[in-house]
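*Asks:* predicted model and sequence follow; I will ask about them next.
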Amino acid sequence: MTTSIKTKLCGLLAIVALMAGVALAHGDKKHVIGTLEKINADSVVVKTAAGKSVEVKLVATTMYVSHAGNEDKPAKLADLAVGDRVVIHATPKGEALEANEVKFSPSVAAAAAKSKP
């Protein structure tokens, strides 16, 4: 093989390896994206863009992150409100999903109400 072909082959293998690493970065995690429809002490229900309601269990290790503007801040379950937009990273446990992280932004209406004097 010529040096040019070897260089191209090595570059191609490096790209394939990088893409495989990105694909496996979240392992078996699932992402649930949508609007909070219901909040309980041990679970939330998210309405996805497809109109499907997905229940996600909340566990002691679930981390909450509030996203406002370009800033993420630590939060707690009590900060969540129906209508908030969420991205939940969850681990499948049998038929259920357990939340590892709940990242949320206030709904447009809630944000507007908060900014009024």
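*Replies:* Good, I have the coordinates.
*Asks:* correct me, but Val44 touches Val54?
*Replies:* No: taking C-beta atoms under 8 Å as the definition, Val44 is not a contact partner of Val54, at 9.1 Å. Glycine gets a C-beta too; all of them are placed from N, C-alpha and C.
*Asks:* pretty sure Thr62 is touching Asn100, no?
*Replies:* Yes: under the criterion of C-beta under 8 Å, Thr62 makes contact with Asn100 at 6.7 Å.
*Asks:* any regions of this structure where pLDDT drops low?
*Replies:* 1-4, 6, 8-27, 108-117 (pLDDT under 70).
*Asks:* ranges for the helices of it?
*Replies:* Under the criterion DSSP state H, helices of the chain are mapped to 3-23, 108-115.
*Asks:* can you give me the strands for this structure?
*Replies:* 30-39, 43-48, 53-57, 63-68, 71-75, 85-93, 96-105 (DSSP state E).
*Asks:* want to throw these into JSON lines with mean neighbour count and distance to Ile5?
*Replies:* Output for the strands of the chain, formatted as JSON lines (neighbours: other C-beta atoms under 10 Å; distance: least, C-beta to C-beta, whole Å):
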{"stretch": "strand 30-39", "mean neighbour count": "16", "distance to Ile5": "40"}
{"stretch": "strand 43-48", "mean neighbour count": "18", "distance to Ile5": "47"}
{"stretch": "strand 53-57", "mean neighbour count": "16", "distance to Ile5": "49"}
{"stretch": "strand 63-68", "mean neighbour count": "16", "distance to Ile5": "47"}
{"stretch": "strand 71-75", "mean neighbour count": "11", "distance to Ile5": "46"}
{"stretch": "strand 85-93", "mean neighbour count": "17", "distance to Ile5": "42"}
{"stretch": "strand 96-105", "mean neighbour count": "18", "distance to Ile5": "44"}
